[in-house]
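A.B. asks: Could you work out the structure for the sequence below:
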Amino acid sequence: MTPLKIRNLKHEPEHERNKLLNFIVDQAKRGTKSIGFIPRLGLEQAVETARVIVLENNDDQVGFAVTGGNRTRQKIFQVWVREDARLILHGRALVDHIDLHASKRGRMAISLWCLETLPSNLFWAALGFKECERRMRSLRHSHEQIRWVKPTIFAQRSLFAANGESLV
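C.D. replies: Numbering: from 1, shown residues only. Sure thing, here's the model as predicted:
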């Protein structure tokens, strides 16, 4: 089994945090058309509120995620896996970590918006996300965005418990 490790940038020493933030900025520039743009200042603010994670495989940074949320819903703003490291296991590891984090906070769902023309829509569907609505990206763009939603582990367990069922 490959040793995967998730690092929350908020809990890293300053020099490590800067190194990891540089990785995110570099990778985000490469994927701007796919994941959108968050300015470095916005990323730094997200780091301070513990909403940025980096995935490592054998101490090599392979992906990252930027999240947010409210009391009931965990939002994914960006998920990126380096092009030469694109394996479903890397993307799934990031999303599973986000799900676990959201479940610990009692959030019921994970949601995100994805441009309809991106192949990553197949990834979200494969992970069990359901398309729940569409919207126009903007007046200047002709493509729609798809909103994907998936219940968290917490919500699934709550549903089973409400029905008197067990997951084991």
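A.B. asks: Now do the contacts for L112.
C.D. replies: Residues in contact with L112, defined by C-beta atoms under 8 Å, 6 or more residues apart in numbering, are 75-77, 79, 124, 129, 147-148. To be clear about C-beta, it is placed using only N, CA and C from the backbone, and glycine gets the same treatment.
A.B. asks: actually F154, sorry about that
C.D. replies: Shown in contact with F154 (C-beta under 8 Å, 6+ apart): 102-104, 106-108.
A.B. asks: Just the buried residues out of those residues, in PyMOL syntax.
C.D. replies: Buried members of these, defined by 16 or more other C-beta atoms under 10 Å, are picked up in PyMOL with:
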select buried, resi 102+103+107+108
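A.B. asks: Farthest-apart pair in the contacts of F154, please.
C.D. replies: K104 and M108 (12.8 Å; C-beta to C-beta).
A.B. asks: so the nearest residue to A50 once chain neighbours are set aside, which of the three states?
C.D. replies: Among residues not flanking A50 along the chain, K10 sits closest, at 4.1 Å (C-beta to C-beta, 6 or more residues apart in numbering). State at K10, reduced to three classes by DSSP: H, G, I helix; E, B strand; the rest coil: helix.
A.B. asks: Can you report how many residues neighbour R71?
C.D. replies: 8 (other C-beta atoms under 10 Å).
A.B. asks: Touching, it and R107? I think so.
C.D. replies: Yes - judged on C-beta atoms under 8 Å, R71 makes contact with R107 at a distance of 7.3 Å.
A.B. asks: Would you mind measuring from E144 to G36?
C.D. replies: 15 Å (C-beta to C-beta, to the nearest Å).
A.B. asks: isn't E48 right up against K10?
C.D. replies: Yes - contact criterion C-beta under 8 Å: E48 and K10 qualify, at 6.6 Å.
A.B. asks: ok, these two, which is more surrounded?
C.D. replies: K10 (14 against 11).
A.B. asks: ok, now which ones touch that one?
C.D. replies: K10 sits next to 47-50, 52 when contact means C-beta under 8 Å, 6+ apart.
A.B. asks: next one: L43
C.D. replies: By C-beta under 8 Å, 6+ apart, the residues touching L43 are 21, 24-25, 28, 52, 66.
A.B. asks: L115 now?
C.D. replies: The contact partners of L115, taken as C-beta under 8 Å, 6+ apart, are 34, 137, 143-146.
A.B. asks: and what of V149?
C.D. replies: By C-beta under 8 Å, 6+ apart, the residues touching V149 are 109-111, 129-130, 132.
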